[in-house]
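J.: with the sequence up front, the predicted model follows.
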Amino acid sequence: MDQNKEKIKLRFIVPLGLAILVLLGTCVITLRRLHNHHINHEVQKSLNKVSRLFRMELEEDAGLLEGILGFLHKDKNLRNAWLAGDRQSLLRYASPVFEEIRSKHNVTHFYFHGLDRVNFLRVHKPQKYGDYIDRFTMNQAAGSGKSAWGIELGPLGTFTLRFVYPWRINGKPAGYIELGEEIEHITPELAEVTGAELFFVINKSYLNRAGLEQGMEMLGRSSDWDRFSDFIIVDSTMETPPPVLCKEMQRRHVNHEKFLFEISTERDYLGGFVPLYDAGDNEVGEIIVLKDITSQQASLRSLSISLIWICSAVGVLLLVFFYLYTSRIEQRLEAGHQYLRDSNRRLESEIAEHMRAEEEILDLSRFPAENRDPVLRISREGVLLYANPASEELLRDWGCQVEEPVPEYWKEVSQDALEKNAEQRIEYNLADRTFSLLIAPVAGSGYVNLYGHDITDRKKAEEESFNAQQRLIEQQQHEAEHVEAELARIRRELVRSTRLAAIGQVSGSIAHDLRNPLGTVRNAAYLLNRHLPKDDPKLLDYTDIINQEVVKADQIITNLLEMVGTRPPRKHPVDLGRIVEEVEQSRKSEGVACRISVVPDPFVVQADEGQLRQVIDNILSNSVYAMGGQGGFFVEAGRDSDYDTVVLRDTGPGFAPEVRDRLFDALVTTKASGIGLGLTICRQIIEKHGGTIEADEHNQGGAVIRIRLPRG
């Protein structure tokens, strides 16, 4: 008995221990896979972000170059010098312009080309001219008669964003003006946004070594032509890549792998390739993106070690527990041994009884006449040889009796079963019942036996099961469609948020850079106003126009800065009715009547007065635009124990259903000239106050904006 006890423990404890080890290994492997999948997903997002932001930076710079060219082509001095064919005069007028746009906007190339595409003047290199310009942007502008832009790889191995502008003077084609800028300033901006190391590499097949080394020397960098076999790094955020990193980049680039790869030096990197196309859509190189995942890998190792220790401790405790538990089971085995012997004897008796019952059933099966299901015998010639009483209803349906031919179909089925010497099963519908008919050939006898079985209940159960499965599938499909729609909405929100973040960074930078020159213009206008003769109202009107436009520009800058990040509200008691009346007075000339109904009056709320005024002014401005300068604007306010509620309503057309749910999202607008940031800023202001803002429709028509602010 002791030997049996040990065997029982071994049979239980050993598999349990192995199961715990397998579970531990599975957990660790699954954890690593999930972690690696997450890291790969984040790096893939960085690759996509680099590609998208690179294109956005190029489009933004191209828009800037287009704006500059739109100003230059109207300059009378440049026009007169061009028409006169005076290269020196053209250089004299263009040089100051070039110096200004180079210092302010990083413009490095300034050309004037004739209609024959021959360069007339390089402002940035005036000693070189008269060469034929055969570049993609130049060819595209000449062929289409429209502006063309794109990045092109120059002979010095540098990427240049070029914008070619067809120059028309007095309505006639006169030539082409071209601006260009080196794009190396984009690299640190992309690296800052994505948090990754970037390498701009160019295939050597597109480069000339002498020209490249000259270009790198011009930029103050070494070309290092021989480091890689088929490409060269022309720009990067890492000054000196480690040798193992260079070796791995060479191997991946030779195989032209377009998927993620991992590199380990002192730190762990995960990266991939973003194709780099020039203006002619030629893949001239790649942007290699490397994401530092050292901290994530360290976290994974720490988590794996912790998981191993925890699972090991739990496993040991389980082994001890089950060892003691099996000992108690073994103690009970001895007490139940006699009971098992008695139960075995009873079981043997029951088995003998069941065997007798089976023999009786077998005897009964030998008498078809007593069978409750149809039993028939059909000869090879199709004659019904036998049918038991349970077959009477089936024979009526067939229209035959014993020793009469059966219907032709059953004759063919019987002959086919005899020829193949194989059983066949056929479902047969009889009135409201379904039978399963088994055609069994009797070898060497020349007839088949047909055994019928009523499967009506089973068919109904199968049909109900099938219908239930169909309903479940339809429900799952509906849920899947709902989940897919929700994922699509989240993707759209993510794209919009990413785009807004990128716009916010650029807009904030531009806004800060523009405020200083605006202040200078404002001070100059002030000094002009003081020193101009007071008897010349026309000059004073001009200074007033300058001041008004400066105020408008400053307000635009303020809106841009608020889009980037709204300052925290400075709350103090504010009379809502007074603010509404002041906003109404500022827009009184726009023809919209305003009615205020607040309880109590004055209605004092805790808010930042400037920000609350901005919210109400923005909403009133939208209502004035929607009503076309006609209609009414209503302001109602009330309060409960926790919140102050302000309802602003107009008599305009209201909100379209497809816009209402996204009204406060960034870049969503119903105006022909709006950019969709006003209501987004309103929502940011209200939420920083701890409140909510929502849009609705009035039951009598018109738009309703409801604002709730916490009291106190």
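T.: Received the coordinates, thanks.
J.: how many residues are close by Phe149?
T.: Actually, residue 149 is Trp rather than Phe. When counting by other Cβ atoms under 10 Å, one arrives at 24 neighbours for Trp149. For every residue, glycine as well, the C-beta is placed using N, CA and C.
J.: look up which helix or strand it falls in, please.
T.: Using DSSP states H and E, Trp149 sits within strand 148-153.
J.: helices or strands next to that strand in the packing?
T.: Where contact means 3 or more Cβ pairs under 8 Å, 6 or more residues apart in numbering; DSSP states H and E, strand 148-153 is packed against helix 2-72, helix 136-144, strand 159-169.
J.: which residues does that strand contact?
T.: The contact list for strand 148-153 (Cβ atoms under 8 Å, 6 or more residues apart in numbering) reads 58, 62, 65-66, 135-138, 140-141, 159-164, 183, 202, 206-207, 278-280, 284.
J.: same check on stretch 194-213?
T.: By Cβ under 8 Å, 6+ apart, stretch 194-213 touches 46, 49-50, 53, 153, 155-157, 159, 187, 190-191, 223, 225, 228, 230-238, 241, 249, 253, 269, 271, 276, 282, 284-292.
J.: which of the residues you listed fall in strands?
T.: If you go by DSSP state E, the contacts of stretch 194-213 have 153, 159, 231-236, 269, 271, 276, 284-292 in strands.
J.: from Leu709, how far out is Asp650?
T.: Taking Cβ to Cβ, to the nearest Å as the measure, Asp650 and Leu709 are separated by 21 Å.
J.: compare those two (neighbour count), which wins?
T.: Asp650 (25 against 21).
J.: may I ask you to confirm that that one is in contact with Gly702?
T.: Yes - under the criterion of Cβ atoms under 8 Å, Asp650 lies in contact with Gly702, with a separation of 5.1 Å.
J.: sorry, back to before: for PyMOL, what selects the buried ones among the contacts of strand 148-153?
T.: Only the buried entries of the contacts of strand 148-153 go into this PyMOL selection, using 16 or more other Cβ atoms under 10 Å:
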select buried, resi 58+62+65+135+136+137+138+140+141+159+160+161+162+163+164+183+202+207+278+279+284
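J.: in contact with the residue sitting furthest away from the middle of the chain, which residues?
T.: Distance from the C-alpha centroid of the chain, by Cα atoms, centre = their mean, peaks at Glu403 (77.3 Å). The contact partners of Glu403, by Cβ under 8 Å, 6+ apart, come to 383-385.
J.: among those, which one sits closest to Phe466?
T.: Among the contacts of Glu403, Leu384 lies closest to Phe466 (Cβ to Cβ), at 35.4 Å.
J.: quick one, strands of the stretch 251-400 of the chain?
T.: All strands of the stretch 251-400 of the chain, identified by DSSP state E, counting those that start in this stretch, fall at 261-264, 268-277, 283-292, 375-379, 384-387.
J.: next one: the stretch 451-600 of the chain
T.: 572-575, 593-598.
J.: return the most buried member of the helices and strands packed on strand 148-153.
T.: Mean neighbour count (mean count of other Cβ atoms under 10 Å) peaks for strand 159-169 among the helices and strands packed on strand 148-153, with a mean of 21.
J.: partner strands of whichever helix or strand comes after that strand, parallel or antiparallel?
T.: For strand 159-169, the succeeding helix or strand toward the C-terminus, using DSSP H and E, is strand 172-182. Applying DSSP bridges, strand 172-182 is found paired with strand 109-113 (antiparallel), strand 159-169 (antiparallel).
J.: lowest average confidence across helices and strands of this structure, where is it?
T.: strand 261-264 (a mean of 59; mean pLDDT, DSSP states H and E).
J.: check contacts around Lys125.
T.: By Cβ under 8 Å, 6+ apart, Lys125 has no neighbours at all.
J.: run the last query once more with 10 Å
T.: Taking Cβ atoms under 10 Å, 6 or more residues apart in numbering, we find Lys125 in contact with 109-111.
J.: and those as a markdown table, adding pLDDT and neighbour count?
T.: As requested, the contacts of Lys125 are exported to a markdown table (pLDDT from 0 to 100; neighbours: other Cβ atoms under 10 Å):
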| residue | pLDDT | neighbour count |
| --- | --- | --- |
| His109 | 90 | 20 |
| Phe110 | 92 | 24 |
| Tyr111 | 93 | 23 |
